[in-house]
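Novice: Compute the structure for the input listed below.
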Amino acid sequence: MLAGWAGLALLVISLAGHDQDGGIAMGAFFQIGPIGGVVGFIVGVWLFIKFGIVRKTTLPSDARQPGASQPDAKQSDAAVPPVRTHISRPFAIVVVLVLAALAYEGWYELIRSPYLSHGFMKLDMQFRFPAGTVLPTVDDDVHIIVTEGGSRQAIVSLGNPWHGHDGDRPGILASASLSYKASGREVSLEIPDVPEQIWQLDLGSDPDPMTEYSPFKLANGPKGTGIELSYRLSTDN
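Specialist: Numbering: from 1, shown residues only. I've put the predicted structure just below:
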């Protein structure tokens, strides 16, 4: 049942793609997942009946002796060799392995949650552009994505105001809410007439807050754009 529940929910999440606010994941686990749980329970019972029970005929001790006469067909039912049943060891091992995998996945998600880390973290970002760059005037033309662990997208919001300056160099201000432990984090920026810019953040899986902004760093993408990123991390709540 648990395998069917989790399997169907994860399938829906993988087919739906990225989800910033977690709505797809919540719906997959609590609305669609129970359907997989019912199917998994039925399939599990069928597999247990078909493969999980081993039946073995036990002969009386005298019947196992060499030269012992075979019981006559007219003997009473009490002389019929009893059938003993026990759980199939390979089947039990498979069940334990599936349970261990589900328990590990649940434990891994738990330790990644903000309740066992520093809590929700606020990532403040400053994008600095070369002098003379004309920035978009509409915030819909600015697309910033912060990815945690290669798949989870953090919620990003532009500053108010979201235009800034560092001397004669214009900039864009934004922030993101980080909530999970992750092995790696990535920031991408897209604006009209500029190819996508990507930065790898130098942060640990459970980073400590940063009181100062990091040094500005050029993107890993196409050369020659001159766009730089500086960031800091603070506790949100």
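Novice: The top strand by length along the chain - contacts with which helices or strands?
Specialist: Counting by DSSP state E, the longest strand found in the chain is strand 155-166. In terms of contacts (3 or more CB pairs under 8 Å, 6 or more residues apart in numbering; DSSP states H and E), strand 155-166 is packed against strand 121-128, strand 143-148, strand 169-178. Every residue, glycine included, has its C-beta placed from N, CA and C.
Novice: which one of the ones you listed lies closest to Pro207?
Specialist: With respect to Pro207, and counting by CB to CB, the nearest of those is strand 121-128 at 7.3 Å.
Novice: Any chance you could list what contacts that closest one?
Specialist: Residues from elsewhere that reach strand 121-128, judged by CB atoms under 8 Å, 6 or more residues apart in numbering: 144, 146, 154, 164, 166, 169-179, 187, 189, 207, 209, 213, 216, 227-236.
Novice: With stretch 155-171 instead?
Specialist: Residues contacting stretch 155-171 (CB under 8 Å, 6+ apart): 20-21, 126-133, 135, 139, 142, 144-146, 172-177.
Novice: If you count neighbours, what's buried in it?
Specialist: Using 16 or more other CB atoms under 10 Å as the test for burial, stretch 155-171 gives Val156, Gly159, Trp162, Arg169, Pro170, Gly171.
Novice: And those residues, which two are furthest apart?
Specialist: Spanning the widest gap among those are Val156 and Arg169, at 21.9 Å by CB to CB.
Novice: Okay, now the unreliable bits of the chain?
Specialist: The chain contains residues with pLDDT under 70 at 17-22, 58-81, 109-119, 221-224, 236-237.
Novice: Walk me through the domains of it.
Specialist: Using automatic domain parsing, the domains assigned to the chain come out as 2-112, 121-235.
Novice: Please identify the deepest-packed of the ones you listed.
Specialist: The highest mean neighbour count among the domains of the chain, using mean count of other CB atoms under 10 Å, belongs to domain 121-235: a mean of 16.
Novice: For stretch 13-27, measure first residue to last.
Specialist: End-to-end span of stretch 13-27 (CA to CA, to the nearest Å): 9 Å.
Novice: ditto for stretch 41-52
Specialist: 14 Å.
Novice: before we move on, what about stretch 127-138?
Specialist: Chord length of stretch 127-138, first to last residue, is 16 Å (CA to CA).
Novice: go on, stretch 140-160?
Specialist: Termini of stretch 140-160 sit 14 Å apart (CA to CA).
Novice: counting contacts, what elements does the longest helix along the chain pack onto?
Specialist: Longest helix in the chain, counting residues (DSSP state H): helix 89-112. Counting by 3+ CB pairs under 8 Å, 6+ apart, the packing neighbours recorded for helix 89-112 are helix 2-16.
Novice: elements contacting the helix it packs on?
Specialist: Packing partners of helix 2-16 (3+ CB pairs under 8 Å, 6+ apart): helix 23-27, helix 33-47, helix 89-112.
Novice: at 6 Å instead, please
Specialist: helix 33-47 (3 or more CB pairs under 6 Å, 6 or more residues apart in numbering; DSSP states H and E).
Novice: Taking their axis directions, the helix it packs on and helix 2-16 sit at what angle?
Specialist: Counting by axes from the mean of the first three to the mean of the last three CA atoms, to 10 degrees, helix 33-47 lies at 140 degrees to helix 2-16.
Novice: And for helix 33-47, what's in contact with it?
Specialist: Met1, Ala3, Gly4, Trp5, Gly7, Leu8, Ala9 (CB atoms under 6 Å, 6 or more residues apart in numbering).
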